[in-house]
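1. sequence first, then the predicted structure, then my questions.
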Amino acid sequence: MRIEGERARVLITVKATPQPSASYGDTSCVAGIRIDGDEPNWIRLYPIAFRWLDVDAQFRKYDVIELEVRRKDSDTRRESYSPTQDSWIVADNLPPWKARHEIISRLEPATTCGLMRAAEADSAAPSLGLVYPADIERLEFEPHPSWTPEQLTKMKNRIDNESAALIPSSGSIPALLTAPEYKVRYRYRCEAPACPGHQGRILDWELTALQNRLRYQGQNVKDGVTKKFLGEMFASDRRTGFFMGNFELAARRGKFSILGVYWPKVQDAAPTLF
């Protein structure tokens, strides 16, 4: 990773669900649109141990943050940067949906077929993109496995180390990360001609939070997730897309997951007439 840093201004569009981490206990992948240059560009920010941040250091989707970043040279995905811990400030929050779309619409939409094909041919091909599905067939649910002993050890070590300190080094100590009840995937077709169909796993933290909330309230998780991620997000008055991202491992560059769902109202996503 390069030593020199640079200041960036980023519209946050993605907060992926936290994953166990040996170094940080658990970490999240954050992505968004860099808006400090002449043209907006995708950017990935990793790692961020988001659950371990003080409340005043946390940020929301569609916040505009300013922070110091360094290009992550070990990752050939050109959008990947490492954020300097505690370097960010929240400069703004864009309300739904028109203000958000004024920025997001400046990026050319992709297709899942096109993203996969390019990444398989070139490791430096785009690793993030916005895809508008041509149609949605269904949601698919698979039981999420419990954390493995290795994953539990990673998380418990961080909690134990922080608990042993007189003052936690990163704010309050969060509870052990709860595994979601289900892995959830969209079965869909993108807008590429002759698209054979895709199965995209949803990695959005919003999905995990919804599952946990439904379980706590004693409600049916599948029904609640279907209502939100299919009924509401793909309602007829929405122009819904997927924030897509792939994996760092070279062998999996052609595999793209759904990092978040973008669901503006149709009138807010309409082209601006001058």
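-> That came in fine, so what should we check first? Numbers count the residues shown, from 1 in each chain.
2. for residue 13, see how far away residue 59 is.
-> As judged by CB to CB, to the nearest Å, residue 59 and residue 13 stand 12 Å apart. C-betas here are computed from N, CA, C, even on glycine.
3. count the residues that sit near residue 244.
-> Number of residues near residue 244 (other CB atoms under 10 Å) recorded here: 26.
4. list the contacts of it.
-> 110, 112, 115, 128, 129, 130, 131, 200, 256, 257, 258, 259 (CB atoms under 8 Å, 6 or more residues apart in numbering).
5. which residue ranges form the strands in the stretch 51-200 of the chain?
-> For the stretch 51-200 of the chain, strands defined by DSSP state E, counting those that start in this stretch occupy the ranges 63-71, 80-83, 89-93, 128-131, 135-143, 182-189, 198-201.
6. redo those strands as a markdown table? Include distance to residue 151.
-> Formatted as a markdown table, those follow (distance: least, CB to CB, whole Å):
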| stretch | distance to residue 151 |
| --- | --- |
| strand 63-71 | 28 |
| strand 80-83 | 23 |
| strand 89-93 | 31 |
| strand 128-131 | 26 |
| strand 135-143 | 16 |
| strand 182-189 | 15 |
| strand 198-201 | 18 |
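7. hey, which helix or strand in the protein has the poorest pLDDT?
-> One helix or strand of the chain scores below all others by mean pLDDT, DSSP states H and E: helix 149-164, with a mean of 92.
8. so which bits of that helix are buried?
-> Residues 151, 154, 155, 158, 159, 162 are the ones in helix 149-164 that count as buried (16 or more other CB atoms under 10 Å).
9. adding distance to residue 145, write those out as TSV.
-> Below are the buried residues of helix 149-164 laid out as TSV (distance: CB to CB, whole Å):
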residue	distance to residue 145
151	10
154	15
155	15
158	21
159	21
162	26
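10. of all those, which comes closest to residue 22?
-> Comparing the buried residues of helix 149-164 against residue 22 with CB to CB picks out residue 154 as the nearest, at 4.8 Å.
11. just the CA atoms of stretch 198-210, as CSV, please.
-> Provided in CSV are the C-alpha atoms of stretch 198-210 (Å, rounded to 0.1, in the frame of the first residue of the first chain):
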residue,chain,number,x,y,z
HIS,A,198,-28.1,-14.5,-12.7
GLN,A,199,-28.3,-15.5,-9.0
GLY,A,200,-26.9,-12.6,-6.9
ARG,A,201,-26.4,-12.9,-3.2
ILE,A,202,-27.4,-9.8,-1.3
LEU,A,203,-24.6,-8.6,1.0
ASP,A,204,-26.3,-5.4,2.2
TRP,A,205,-26.0,-4.7,5.9
GLU,A,206,-29.6,-3.6,5.7
LEU,A,207,-30.7,-7.1,4.9
THR,A,208,-28.8,-8.5,8.0
ALA,A,209,-30.3,-5.8,10.2
LEU,A,210,-33.8,-6.5,9.0
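12. need the contact partners of that stretch.
-> Identification of contacts with stretch 198-210 by CB under 8 Å, 6+ apart yields 14-18, 28, 61, 112-113, 140, 180, 183-190, 224-225, 228-229, 242, 244-245, 256-261.
13. which members of these occur in helices, if any?
-> Per DSSP state H, helices hold the following members of these: 112, 113, 224, 225.
14. scan those residues and report the most crowded one.
-> Using other CB under 10 Å as the neighbour test, those are led by residue 112, with 23 neighbours.
15. before I go, just wanted to say thanks for your time.
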